[in-house]
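Undergrad: For reference, the sequence and a predicted model appear below.
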Amino acid sequence: ATSPSQIKYMGSNDWLSMLPGHGNFTVDSDRSIVGSVVQCALDRKTKFELDRAESGDTRARFLWRVLLSIRGFLLEGLRPPVEAQSAKLVEEDLDAFLAKYRLQGPTDKGDF
């Protein structure tokens, strides 16, 4: 949005290189509001893809894992206080990683 009465639409993949948190905000406190909206949209999309993945859709399974992986990147610069962890790489043990992505082991192809 460039003003209260103007918004620019972008191509379907442009959002990966033009993140909302990297935009110019007139009021810095708007970052929190935009962050809440983006976080809600990510939550809904992630749940939608997980529901489809659990019914056997392999494309949805892939998208669900991608969304989990890039969530911090997409929220960079917008993070509401609830999700204040930095988007930097976080070390997690193998078991936590496998559980998060619903994998049985390091060589699992990831079928549900």
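TA: Arrived safely. Residues are numbered from 1 along each chain as shown.
Undergrad: Quick one: the helices in this structure, in order.
TA: Assigned helices in the chain, in chain order: 30-54, 58-74, 94-100 (criterion: DSSP state H).
Undergrad: Need the mean per-residue confidence for stretch 37-49.
TA: Per-residue confidence for stretch 37-49 averages out to 92 on the pLDDT scale.
Undergrad: Please list the outside residues in contact with that stretch.
TA: Outside stretch 37-49, the residues that touch it by Cβ atoms under 8 Å, 6 or more residues apart in numbering are 20, 60-61, 63-64, 67-68, 71, 74-75, 78, 80, 83. (C-beta placed from N, C-alpha, C; glycine too.)
Undergrad: Show me which pair in those residues is furthest apart.
TA: 61 and 80 (27.8 Å; Cβ to Cβ).
Undergrad: Compare the two (neighbour count), which wins?
TA: Per other Cβ atoms under 10 Å, whichever of residue 61 and residue 80 has more neighbours is residue 61, with 21 against 15.
Undergrad: gap between the more buried one and residue 52?
TA: When Cβ to Cβ, to the nearest Å is the yardstick, residue 61 and residue 52 sit 8 Å from each other.
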